[in-house]
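Colleague: From the sequence below, what's the structure:
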Amino acid sequence: MNPTPAPEADGPGTPQHRGQDGPAAPGTVEATTVPRQKTPHDPAACAPGSDLAARSQDVDALDDPDPLRAADAAGTESLLRCWTRENDLPRPDGDTLRIAFPASGTALLVPVHYWSATGAHRFGAPVLENAPNSAPPADAATVAVLIGREGGESGAGDLVARVADSVRHTAGFIEQRRRSPADPADADLFLTAEQSLLLGHPLHPTPKSREGLSEAESRRYSPELHGSFPLHWFAVDRSLAATDSAWTEGGPATAEVLLAPHAEGLKTPPGTVAVPVHPWQAADLLHRPQVRALAETGLLHDLGPHGEPWHPTSSIRTVHRPGARVMLKLSLGVRITNSRRENLRKELHRGVEVHRLLSAGLAEHWQREHPGFDIVRDPAWLAVDDPEGTPVTGLDVVLRHNPFGPGDDAACIAGLTAQRPRPGRPGMHSRLAEVISGLTARTGLTGTDVSAEWFRRYLHHVVRPVLWLDAHGGVALEAHQQNTLVLLDPDGWPVGGRYRDNQGYYFRDSRRAELDQRLPGIGTVSDTFVSDPVTDERFAYYLGINNVLGLIGAFGSQRLADEQQLLTVLRQFLDQTAELGSPLPAYLLENRQLRCKANLLTRLHGLDELVGPVDTQSVYVTIANPLHS
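Modeller: This next block holds a predicted model:
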């Protein structure tokens, strides 16, 4: 299997799947309908009424009383969804998916509880073909071992370890939330949504892996456990402080001025600037030679923890304090999903640059068309250089607008669709399911009709503005579900949206002259211009596949709506918005296959998605476009 990051729709990187001519190549996966052999674990054993079907279907495995078993079931399903998508496996003819693993000389028989047109499948516990009837189902670690052998990549061992780490963290999250399923009475709505992602990305092999965090640190720093902590502060000689600010909200302000209320009472040596750091990062920095050298020469001072507690958001390293003027995006050298989360200097520049671009007239035009949508700005930053002018990696902070008051119901889509224990209800439920249920009761409409109308409003208030910015500004947003927030009215209907992330901007190379005219020198230090073919591919994945098709999958897999009905709504929307001028509607409607980010293969290849050129940071594969099904 040789998937590549190239933007072409077809090629040697396309995984083999049923329906292609010739046998599958060595190392590829085969999906077939299993013949009815008389083996302990053949499909007949998975048929309705069988012992295996009863064990896997009577109770959702995510609701297993044992938190570790529930977490392992979630981890196993994520791996199987990834493998199914990244090999573009077809729907089986029956209720069992057979996945062959030639490198191990075996296969998994996977009960299919729900087959999703968009990849949000629900699977039961897989069993090894021909295993004794008394053998337990394959757990997440076993599935990871099989996948790792099949991929033949150097990252196979790392995958198994990180799958185990992810399952361990998830078990702790489930256990804690079952004890206290209700959100704190005084929690603001934004923070509640940010702390909802107990299971994580449903199409990532290690969604809750946090390599480097101990159990105690996980409790303190995890949003899922309602963690909070004071910031750790350093004082750096003013001659080494690097900073920029285009902050205008409430009047112009430097990063130092914006941080001052949170550093009140901090004793800083004369001639220094106070820099806040994540407490985990602070301990790690003190072991780095570049930082130790600054401390030994008296250019850097460790001031320790200080100030009020801050709360981690869904990204873990961006922290929020209700009522504060700013949110802070901190560096954190923990490997989360696919990357160490330390700010790159070009990303600090990019956040300020985008704010200046929008403030130069583009935002005014945009918000006349779409007043309910905006970008959460990152208009200021503070960092440290060493005496030679080299950036000190990991000792920096981005200052982000905090536009959300206590009554603003702003939920990232990943949090809205995330399933978690809820007070007074058995099993796991998402906020989305609760919203649809409430609207159904209030309107008297069917749940299906409410879901379709909710989805239409989401497309209008959240997706259409993103298409407008691409068409009229030449800027495509990496608007995946965690970066995209929907604003809900008191009844739960979408009325607006926000985008956040100083990493996720694509300035179209074809619009370079136009953008330079709006903001001379744009992209020079931020390295944000990307070729149009790569922009199209990434835009289609992040907004099209991850965000919109992922939302359709959540509606379907949670039994809120028929995915085919919502795909029809999406086709109508794309037809109507093609006139805006963004190439994305036509791209999604006309291509029978789409290039899709492969989180599992990216993990197996050991890629860090924050390192290197944007077109080679992740592995992409080709999948069928459900809009053509």
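Colleague: Burial check on the closest residue to Arg335 other than its chain neighbours, number of neighbours?
Modeller: Spatial nearest neighbour of Arg335, excluding adjacent residues (Cβ to Cβ, 6 or more residues apart in numbering): Glu211 at 4.1 Å. All C-beta spots, glycine's among them, are computed from the backbone N, C-alpha and C. The number of residues packed near Glu211 is 14, by other Cβ atoms under 10 Å.
Colleague: Now Glu211, what are its backbone angles?
Modeller: According to degrees, to the nearest 10, the main-chain angles of Glu211 amount to phi -70, psi 120.
Colleague: Provide a list of residues in contact with it.
Modeller: Listed by Cβ atoms under 8 Å, 6 or more residues apart in numbering, the contact set of Glu211 reads 162, 165, 334-335.
Colleague: now it: how far from Asp158?
Modeller: 9 Å (Cβ to Cβ, to the nearest Å).
Colleague: for Pro426, same thing?
Modeller: In terms of Cβ to Cβ, Pro426 sits 37 Å off from Asp158.
Colleague: more neighbours, the two?
Modeller: Using other Cβ under 10 Å as the criterion, Pro426 and Asp158 rank with Asp158 on top: 18 against 9.
Colleague: and that one, that's in a helix?
Modeller: Yes - under DSSP: H, G, I helix; E, B strand; the rest coil, Asp158 falls within a helix.
Colleague: for the residue nearest to it when sequence neighbours are not counted, helix, strand, or coil?
Modeller: Using Cβ to Cβ, 6+ apart and skipping residues adjacent in sequence, the residue nearest Asp158 is Gly606, 6.8 Å away. Following three-state DSSP, we place Gly606 in the coil state.
Colleague: For burial, what's the neighbour tally of Gly606?
Modeller: Residues near Gly606, counting by other Cβ under 10 Å, number 13.
Colleague: same deal with Ala246?
Modeller: Applying other Cβ under 10 Å, we find 18 other residues in the vicinity of Ala246.
Colleague: same deal with the one 4 residues further on?
Modeller: Counted by other Cβ under 10 Å, the residues lying close to Gly250 total 9.
Colleague: Let me know whether it touches Leu258 as I believe.
Modeller: No - the pair Gly250 / Leu258 is not scored as a contact, 9.7 Å apart, by Cβ atoms under 8 Å.
Colleague: about what we covered before: neighbour count added to the contacts of Glu211, as CSV?
Modeller: Shown next, in CSV, are these (neighbours: other Cβ atoms under 10 Å):
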residue, neighbour count
Arg162, 22
Asp165, 18
Val334, 21
Arg335, 19
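Colleague: quick one: least confident of those residues?
Modeller: Taken together, the contacts of Glu211 show their lowest pLDDT at Arg335, with 84.
Colleague: Now do whatever helix or strand that residue lives in: everything it contacts.
Modeller: Using DSSP states H and E, Arg335 sits in strand 332-336. Taking contacts as Cβ under 8 Å, 6+ apart, the residues outside strand 332-336 that touch it are 162, 209-213, 278, 280-281, 284, 315-317, 340-342, 394.
Colleague: can you do 7 Å?
Modeller: Outside strand 332-336, the residues that touch it by Cβ atoms under 7 Å, 6 or more residues apart in numbering are 210-213, 278, 280-281, 284, 316-317, 340-342, 394.
Colleague: how about the helices in the stretch 501-629 of the chain?
Modeller: For the stretch 501-629 of the chain, applying DSSP state H, counting those that start in this stretch gives helices covering 512-518, 532-539, 550-557, 563-577, 584-590, 599-604.
Colleague: who's in contact with Glu217?
Modeller: Listed by Cβ under 7 Å, 6+ apart, the contact partners of Glu217 are Trp280.
Colleague: how much space between it and Leu128?
Modeller: For Glu217, the distance to Leu128 equals 36 Å [Cβ to Cβ].
Colleague: In TSV: the contacts of strand 332-336, plus secondary structure, pLDDT and distance to Val495.
Modeller: Formatted as TSV, the contacts of strand 332-336 follow (DSSP: H, G, I helix; E, B strand; the rest coil; pLDDT from 0 to 100; distance: Cβ to Cβ, whole Å):
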residue	secondary structure	pLDDT	distance to Val495
Arg210	strand	90	34
Glu211	strand	85	39
Gly212	coil	81	40
Leu213	coil	86	37
His278	coil	98	34
Trp280	helix	96	37
Gln281	helix	97	37
Asp284	helix	95	42
Ile316	coil	94	29
Arg317	coil	95	29
Arg340	strand	81	37
Arg341	strand	85	32
Glu342	coil	94	36
Gly394	strand	96	39
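Colleague: Which members of those residues are classed as buried?
Modeller: Buried members of these, counted by 16 or more other Cβ atoms under 10 Å: 210, 213, 278, 280-281, 284, 316-317, 340-342, 394.
Colleague: For stretch 121-130, list every residue counted as buried.
Modeller: 121-129.
Colleague: Just to check, Cys82 is in contact with Pro205?
Modeller: Yes - with contact defined as Cβ atoms under 7 Å, Cys82 and Pro205 form a contacting pair (5.3 Å).
Colleague: Name the residues contacting each of the two.
Modeller: With Cβ under 7 Å, 6+ apart as the test, Cys82 and Pro205 both reach 599-600.
Colleague: So these two - more neighbours on which side?
Modeller: Using other Cβ under 10 Å as the criterion, Cys82 and Pro205 rank with Pro205 on top: 31 against 23.
Colleague: Need the phi and psi values for the more buried one.
Modeller: Torsion angles at Pro205 (phi, psi; degrees, to the nearest 10) stand at phi -70, psi -30.
Colleague: Spit out the contact partners of it.
Modeller: Pro205 is in contact with 78-79, 82, 159, 163, 599-600, 603, counting by Cβ under 7 Å, 6+ apart.
Colleague: pLDDT below threshold where in the stretch 101-250 of the chain?
Modeller: Counting by pLDDT under 70, the stretch 101-250 of the chain shows low-confidence ranges at 152-155, 185.
Colleague: at 90 what do you get?
Modeller: Residue ranges of the stretch 101-250 of the chain with pLDDT under 90: 133, 150-158, 180-188, 211-215.
Colleague: which residues does Gln481 contact?
Modeller: Here Gln481 is in contact with 412-414, 546-547, 550 (criterion: Cβ under 7 Å, 6+ apart).
Colleague: ok, 10 Å please
Modeller: Gln481 is in contact with 197, 201-202, 314, 412-418, 542, 546-548, 550-551, 554, counting by Cβ atoms under 10 Å, 6 or more residues apart in numbering.
Colleague: now Ser314
Modeller: Going by Cβ under 10 Å, 6+ apart, Ser314 touches 193-197, 200, 223-224, 412, 414-415, 418, 481-483.
Colleague: how deep is Val59 tucked in, by neighbour count?
Modeller: Residue neighbour count, defined by other Cβ under 10 Å, stands at 13 for Val59.
Colleague: Kindly report the same for Pro136.
Modeller: Pro136, neighbours per other Cβ under 10 Å, totals 10.
Colleague: Using the three-state scheme, assign it.
Modeller: Judged by three-state DSSP, the three-state class of Pro136 is coil.
Colleague: One more: the one 10 residues further on?
Modeller: Three-state secondary structure (criterion: three-state DSSP) places Leu146 in helix.
Colleague: pretty sure it contacts Glu129?
Modeller: No - between Leu146 and Glu129 there is no contact under Cβ atoms under 10 Å: 11.5 Å.
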